[in-house]
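Novice: My questions concern the predicted model and sequence given below.
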Amino acid sequence: IDYSASHDEVSLLKYAVTFQEALLLFGEKNQFVLDSPDILSPSTAVITHVSPYSIDPDIRPVAGSKTLFYCSGEDDTATGATRVKEFYIDSDHDRKESADITAHVPKYIPENITRLVSTPDREMLFLLPSTGTELYVYKYYWSGTDKIQSAWFKYTLPPGCICRSIELIGDTLYLFNEYAGALHLEKLLIDTDAVYTETVFDYCLDRQITSAQCTK
């Protein structure tokens, strides 16, 4: 299938993201959807303009449980912060909408976010800033069509640690952390129901090691 997205403005497409049985195509200032009224083929494929939102062209949008997240490309130098938005489809009215999920914390997320990763099953979004010293997390919860939780918090990494990148595989968040010039692959289990079998109670540890690895 070789097809062009036509619009009255020049739109250079940056990303293609699958979302709600559709393929969303993201340009810096316009979004399109690739769809078909029948079986998708070169003769039935249609690209339709769906929204005029500005996105940060350096950060790939990611899908959540019911919405799609992206960093806004709108100038926000007044606050020195990043605006994170969610894109959703109102199926009842056949509309595509965008909402600012940082509106209640307009100065919380710093500038120069370099990476977004999402886990729809756990309804969490992770953001990595260019400094690599902190990790910002958005925890949300949908009950039917109502979002009843929309919370932000952050992890502060240990002194001397710089996180270069993050990736999610299943319920594990992998961090590529640099210590004194050496790169380490570390992981963070985000399964909130996980229980360590060595104890009768739940606990959380950073950089967990066994007693055999300790020296006097």
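Specialist: Great, that's in hand.
Novice: Only C-alpha atoms from now on, for both contacts and neighbour counts.
Specialist: Fine.
Novice: Low-confidence regions, the chain specifically.
Specialist: Counting by pLDDT under 70, the chain has low-confidence residues at 75-79, 91-95, 192-208, 216.
Novice: Just the terminal-to-terminal distance for stretch 69-81.
Specialist: Start and end residues of stretch 69-81 are separated by 16 Å (Cα to Cα, to the nearest Å).
Novice: Check stretch 40-60 too.
Specialist: 25 Å.
Novice: ditto for stretch 98-111
Specialist: 20 Å.
Novice: Please point out which parts of it sit buried.
Specialist: Of the residues in stretch 98-111, 98, 100-102, 106, 108-111 count as buried by neighbour count, 16 or more other Cα atoms under 10 Å.
Novice: likewise stretch 32-47?
Specialist: Using 16+ other Cα under 10 Å as the test for burial, stretch 32-47 gives 32-35, 45-47.
Novice: Check the residues you listed against residue 134 and report the nearest one.
Specialist: Comparing the buried residues of stretch 32-47 against residue 134 with Cα to Cα places residue 32 closest, at 33.5 Å.
Novice: what about that closest one, which SS state?
Specialist: Classification of residue 32 by DSSP: H, G, I helix; E, B strand; the rest coil places it in strand.
Novice: which SS class is the spatially closest residue to it that is not a sequence neighbour?
Specialist: Leaving aside its chain neighbours, residue 32 sits nearest to residue 49 (4.3 Å; criterion: Cα to Cα, 6 or more residues apart in numbering). Following three-state DSSP, residue 49 is assigned to strand.
Novice: Residue 49: what's it in contact with?
Specialist: Residue 49 makes contact with 5, 7, 30-33, according to Cα atoms under 8 Å, 6 or more residues apart in numbering.
Novice: Now flag whichever of the residues you listed is closest to residue 214.
Specialist: Nearest to residue 214 among those, with distances taken as Cα to Cα, is residue 31, at 53.6 Å.
Novice: And the closest one, how far from residue 137?
Specialist: Distance of residue 31 to residue 137, computed by Cα to Cα: 26 Å.
Novice: same check, this time on residue 167
Specialist: Distance from residue 167 to residue 137, by Cα to Cα: 14 Å.
Novice: just residue 9 next, same as before
Specialist: 35 Å.
Novice: the more surrounded of those two?
Specialist: residue 137 (20 against 8; other Cα atoms under 10 Å).
Novice: Name the SS class of that one, please.
Specialist: At residue 137 the chain is in strand, as set by three-state DSSP.
Novice: The helix or strand harbouring residue 25 - which strands sit beside it in the sheet, and in what orientation?
Specialist: Residue 25 belongs to strand 22-27 when assigned by DSSP states H and E. Strand 22-27 has the following sheet partners, assigned by DSSP bridges: strand 13-19 (antiparallel), strand 31-35 (antiparallel).
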